[in-house]
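Colleague: Sequence first, then the predicted structure, then my questions.
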Amino acid sequence: MNLVNIFVKAIFIENMIFAYFLGMCSYLAVSKTVKTAVGLGAAVIFVLGVTVPVNYLLENYVLKEGALAWLGPQFAEVDLSFLSFIMFIAVVAAIVQLVEMVVEKFAPALYGALGIFLPLIAVNCSILGGALFMQERQYSNIAEATSFALGSGVGWFLAIAAIAAIREKIRYSHVPAPLKGLGITFIITGLMGIAFMSFMGIKI
């Protein structure tokens with residue numbers, strides 16, 4: 001039950017876009033069509049679902065103070081936590097490179113549509129944010145960390161798919177000229193963020 005709680009909270013209450021505004025650059029740039037938004041959203045789910053558990057293992061068995069105790073008592077005092085940032089980023093970059101190669105091989109049209117924003121997942125704030133939230137919240141096991149990662153990815157996916165669907169529709173709406181493009185998108189994002197705030201009243 002705790003895993004479900006973490007998963008649902010990560011989607012609705014602690015949504016990466018609407019609660020923390022992480023990953024806004026990709027969210028705004030790739031949400032012009034639903035097809036590209038869904039492709040990028042799926043890639044973010046995969047990258048978060050792989051990198052957060054890997055970084056959890058790295059944090060708890062290599063980096064944290066005393067994490068190397070399994071190598072022997074002489075390593076019990078070793079603290080490599082100062083390497084957290086660079087190691088987390090290295091893991092994210094490696095997984096993103098793998099995703100880029102797979103998408104280019106099996107979905108070249110989507111690869112072309114996503115353009116520069118696919119490799120830029122490596123510097124997407126929501127991906128590193130997932131690893132840092134995992135570190136801060138000190139999840140008790142890898143299942144909890146994975147549940148949080150998948151929930152965060154699904155929440156980001158829902159956010160970008162929803163704004164893409166709205167942006168496709170408002171092309172045919174009478175939007176005032178000064179607000180066309182990013183202006184109206186920012187306003188809609190703010191309204192969606194307020195809507196998602198209503199989930200904070202739910203006790204899980």
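Modeller: Nice, I can see it.
Colleague: Would you tell me which helix is longest in this protein?
Modeller: helix 142-170 (DSSP state H).
Colleague: For this protein, just list every one of the strands.
Modeller: For the chain, applying DSSP state E gives no strands.
Colleague: Which other helices and strands does the least confident helix or strand in the chain by mean pLDDT contact?
Modeller: Least confident helix or strand, the chain: helix 108-114 with a mean of 81, by mean pLDDT, DSSP states H and E. Where contact means 3 or more Cβ pairs under 8 Å, 6 or more residues apart in numbering; DSSP states H and E, helix 108-114 is packed against helix 34-58, helix 84-106. Just so you know, the C-beta spots here come from the backbone N, C-alpha and C atoms, and that holds for glycine as well.
Colleague: Would you mind listing the buried residues in that helix?
Modeller: If you call a residue buried by 16 or more other Cβ atoms under 10 Å, then helix 108-114 has these buried ones: Leu110, Tyr111, Ala113, Leu114.
Colleague: ok, Phe157 touching Gly41?
Modeller: Yes - with contacts counted by Cβ atoms under 8 Å, Phe157 reaches Gly41, the gap being 3.4 Å.
Colleague: So these two - more neighbours on which side?
Modeller: Taking neighbours as other Cβ atoms under 10 Å, Phe157 and Gly41 compare with Gly41 leading, 25 against 22.
Colleague: Identify the residues contacting stretch 41-53?
Modeller: 23, 26, 88, 91-92, 95-96, 99, 103, 114, 118, 121, 124, 126-127, 130-131, 134, 142, 145-146, 148-150, 152-154, 156-158, 160-161 (Cβ atoms under 8 Å, 6 or more residues apart in numbering).
Colleague: can the buried residues of helix 108-114 go into JSON lines with extra columns for distance to Thr36?
Modeller: Shown next, in JSON lines, are the buried residues of helix 108-114 (distance: Cβ to Cβ, whole Å):
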{"residue": "Leu110", "distance to Thr36": "7"}
{"residue": "Tyr111", "distance to Thr36": "11"}
{"residue": "Ala113", "distance to Thr36": "5"}
{"residue": "Leu114", "distance to Thr36": "6"}
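Colleague: hmm, which two among these are most spread apart?
Modeller: Tyr111 and Ala113 (7.4 Å; Cβ to Cβ).
Colleague: The helices and strands packed on helix 108-114 into JSON lines, with extra columns for mean pLDDT and distance to Gly193?
Modeller: Below are the helices and strands packed on helix 108-114 laid out as JSON lines (pLDDT from 0 to 100; distance: least, Cβ to Cβ, whole Å):
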{"stretch": "helix 34-58", "mean pLDDT": "92", "distance to Gly193": "17"}
{"stretch": "helix 84-106", "mean pLDDT": "89", "distance to Gly193": "25"}
